[in-house]
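Asker: my questions concern the predicted model and sequence given below.
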Amino acid sequence: MTTLTKREILRAFSDLASEKPVDKITVKEITDLCQISRNTFYYHYQDVYEVLEEYLRLESQRMVERLEKDLSSCNPEEFIVRGLDSMISHRALFYNLNQSSGSEVKRYMDQAVSAIFERLVDILSEGIPATEEDKALISRFYQYAIKGFMMEWLESGERPPIQRTLHRLNVIFGDDVTEALKRSVEQPE
């Protein structure tokens, strides 16, 4: 029952976050949508931001699992495009997360994006003895770049189409993550 209730709260949160920024969502709206009492909500979560944190943690965990599965059968660009399909179908949710004014929202989103890119670099660095510091630096560089393009895309109303932009980035930068990892080994500090 507990897992089912938490799943319903997360679903209701996702539905509401697709309609408005997180800082405008109330516990009452979530409980009304789930048809549960406030006490039941507070048994599972302290506040809406704790729901957001778990929602983003679970979504990034799903992305990492998909990354680990997909990278064995496709290149990083294909993985990102597949992830974008999910973002495109949930564009309103991501737009509203981006529009939320709470610092918790930005922090939780950064944690989710960081987990995905750190794992991507870990996978691509297999067999390359790069230092942990260099792997972290490469991960941060790419997550900031992609996050910047994503924010621009969310705020621009999809002009230019994000798939086209990512394809051009892949054409221009290709295997730069792997090459950067190799260069970090060839030219240590």
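Answerer: Noted; the coordinates are in hand.
Asker: worst-scoring helix or strand of the protein, pLDDT-wise?
Answerer: helix 76-89 (a mean of 64; mean pLDDT, DSSP states H and E).
Asker: what is the helix or strand following that helix packed up against?
Answerer: Going down the chain from helix 76-89, the next helix or strand is helix 91-99, by DSSP states H and E. Judged by 3 or more Cβ pairs under 8 Å, 6 or more residues apart in numbering; DSSP states H and E, helix 91-99 is in contact with helix 2-17, helix 103-124, helix 132-156. C-betas here are computed from N, CA, C, even on glycine.
Asker: return the most buried member of the ones you listed.
Answerer: helix 103-124 (a mean of 18; mean count of other Cβ atoms under 10 Å).
Asker: quick one: mean pLDDT for the helix or strand where Ser60 lies?
Answerer: For Ser60, the element it lies in under DSSP H and E is helix 48-70. For helix 48-70, mean pLDDT is 85.
Asker: got the angle for it vs helix 91-99?
Answerer: 120 degrees (axes from the mean of the first three to the mean of the last three Cα atoms, to 10 degrees).
Asker: mean pLDDT and distance to His90 for the helices and strands packed on helix 91-99 - can I get that in CSV?
Answerer: Formatted as CSV, those follow (pLDDT from 0 to 100; distance: least, Cβ to Cβ, whole Å):
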stretch, mean pLDDT, distance to His90
helix 2-17, 92, 8
helix 103-124, 82, 13
helix 132-156, 84, 11
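Asker: looking at these, which is nearest to Leu166?
Answerer: Ranking those by proximity to Leu166 (Cβ to Cβ) places helix 132-156 first, at 7.5 Å.
Asker: output the contacting helices and strands for the closest one.
Answerer: So helix 132-156, by 3+ Cβ pairs under 8 Å, 6+ apart, packs with helix 91-99, helix 103-124, helix 162-173, helix 176-186.
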